[in-house]
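K.L.:
Have a look at this prediction, sequence included:
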Number of protein chains: 2
Amino acid sequence: MTERFLSPGTRAEVEEGAALTPRFGPDGLVACIAVDAQDGRVLMLAHMNAESLGRTLETGEAWYWSRSRGELWHKGATSGQVQRVVEMRVDCDQDAILIRVDVGGDGGCCHTGRRSCFYRAVRRDPATGTVTLVPADPER
Amino acid sequence: MTERFLSPGTRAEVEEGAALTPRFGPDGLVACIAVDAQDGRVLMLAHMNAESLGRTLETGEAWYWSRSRGELWHKGATSGQVQRVVEMRVDCDQDAILIRVDVGGDGGCCHTGRRSCFYRAVRRDPATGTVTLVPADPER
């Protein structure tokens, strides 16, 4: 389905032009960051193929490609945590997408029940080099 | 260099445990989102292999893997836009990293001179389906 989008042009066109020409990886995917449109907090990182990117643009709701299940994934279709896209952005080289979303249902995002998937901080003891995960501040 | 990190265990261990066990993709990479520690805005998305993740933890500065150049990339080594890591987080299934950073130099991030790489919004005309890129609000 990559024919849904034009192929990337010159570097100047990709970085400064007005055409959306996503640079899908060898696996056909681009990374997509979802942030809460209300406060800007990062909710999750997932992936989109051309089909899911196209459906997201057409429907105004986030569609991803589930790498683990190998299938299109309409976020929230079963949980109610639908992500309504307030704004979509693309980065300089067009290999990453950012969406600012309003979250439906209980407002959460992570399948573990947390609001954000990034609920753990990585702590490193500089003396020993030991690395452990600790709960992250949910307010950040 | 993946031997720097333990392999992922059970799903419960990966999601709720205290061990950092990154799930590197077939290309040996995990995606990493860098956000400004001061205001939480998303600056960029890049990738890390085990070596760059290890160096980031050890030095407290962001190291990535440049997919285009095929080499380790100490962000800011030439531009001065070093990213000092205030906090690192990992997501539920440990295949994505989030770093909250203080940016050195002129405070920018993108090689085009912008503060963030996500400087364009994707606009779709619902009547025609035409998609164009427009400047995004730099304050968001």
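P.N.:
Cool, got the structure.
K.L.:
Which of the three states applies to the residue at the greatest distance from the centre of chain A?
P.N.:
In chain A, counting by CA atoms, centre = their mean, residue A:127 sits farthest out from the average C-alpha position, at 35.6 Å. Under the three-state scheme (DSSP: H, G, I helix; E, B strand; the rest coil), residue A:127 adopts coil.
K.L.:
Shouldn't residue A:43 be within a strand?
P.N.:
Yes. Assigned with three-state DSSP, residue A:43 falls within a strand.
K.L.:
for the residue lying closest to it once chain neighbours are set aside, what are its contacts?
P.N.:
Ranked by CB to CB, 6 or more residues apart in numbering or on different chains and with sequence neighbours excluded, the top spatial neighbour of residue A:43 is residue A:109, at 4.2 Å. Backbone N, C-alpha and C define where each C-beta goes, glycine included. Contacts for residue A:109 (CB atoms under 8 Å, 6 or more residues apart in numbering or on different chains) come out as A:34, A:43-44, A:81, A:83, A:103, A:115-117.
K.L.:
any idea how far the lengthiest helix in chain A is from the chain center?
P.N.:
Among the elements of chain A assigned as helix by DSSP state H, the one spanning the most residues is helix A:50-59. Centroid separation for helix A:50-59 versus its chain: 13 Å, with CA atoms, centre = their mean, to the nearest Å.
K.L.:
and the next element down the chain from that helix?
P.N.:
Where DSSP states H and E defines the elements, the next helix or strand beyond helix A:50-59 is strand A:63-66.
K.L.:
who does that next one pair up with?
P.N.:
strand A:71-74 (antiparallel) (DSSP bridges).
K.L.:
Flag every buried residue along the strand it pairs with.
P.N.:
A:73-74 (16 or more other CB atoms under 10 Å in any protein chain shown).
K.L.:
what's the answer for stretch A:12-29, then?
P.N.:
For stretch A:12-29, by 16+ other CB under 10 Å, it's A:14-15, A:17, A:20, A:22, A:24, A:29.
K.L.:
Could you export that stretch as CSV, keeping only the C-alpha atoms?
P.N.:
C-alpha atoms of stretch A:12-29 as CSV (Å, rounded to 0.1, in the frame of the first residue of the first chain):
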residue,chain,number,x,y,z
ALA,A,12,15.6,19.7,0.3
GLU,A,13,12.1,18.5,-0.8
VAL,A,14,11.9,16.0,2.1
GLU,A,15,13.1,18.6,4.7
GLU,A,16,11.5,21.8,3.5
GLY,A,17,8.8,20.8,1.0
ALA,A,18,5.1,20.7,1.4
ALA,A,19,4.6,17.0,0.3
LEU,A,20,4.2,14.2,2.8
THR,A,21,6.6,11.5,1.5
PRO,A,22,7.1,9.1,4.4
ARG,A,23,10.3,7.2,4.5
PHE,A,24,9.1,3.8,5.5
GLY,A,25,11.8,1.4,6.8
PRO,A,26,12.8,-1.9,5.2
ASP,A,27,9.9,-3.4,7.3
GLY,A,28,7.5,-0.9,5.7
LEU,A,29,7.0,1.0,9.0
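K.L.:
if we can go back for a sec, mind checking if the longest helix of chain A is in reach of chain B?
P.N.:
Yes. Applying CB under 8 Å from any CB of the partner chain, one finds helix A:50-59 touching chain B at A:57-58.
K.L.:
For chain A, which segments count as helices?
P.N.:
For chain A, the helices defined by DSSP H occupy A:11-16, A:50-59.
K.L.:
how about those helices in a markdown table, adding mean pLDDT and distance to residue A:65?
P.N.:
A markdown table is the format used below for those (pLDDT from 0 to 100; distance: least, CB to CB, whole Å):
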| stretch | mean pLDDT | distance to residue A:65 |
| --- | --- | --- |
| helix A:11-16 | 96 | 22 |
| helix A:50-59 | 97 | 5 |
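K.L.:
Including distance to residue A:71, could those helices go into CSV?
P.N.:
Converted to CSV, the helices of chain A look like this (distance: least, CB to CB, whole Å):
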stretch, distance to residue A:71
helix A:11-16, 29
helix A:50-59, 10
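K.L.:
Residue B:134 is nearest to which of those?
P.N.:
Closest of the helices of chain A to residue B:134 is helix A:11-16, at 12.3 Å (criterion: CB to CB).
K.L.:
Is chain B within reach of that closest one?
P.N.:
Yes. Counting by CB under 8 Å from any CB, contacts between helix A:11-16 and chain B involve A:15-16.
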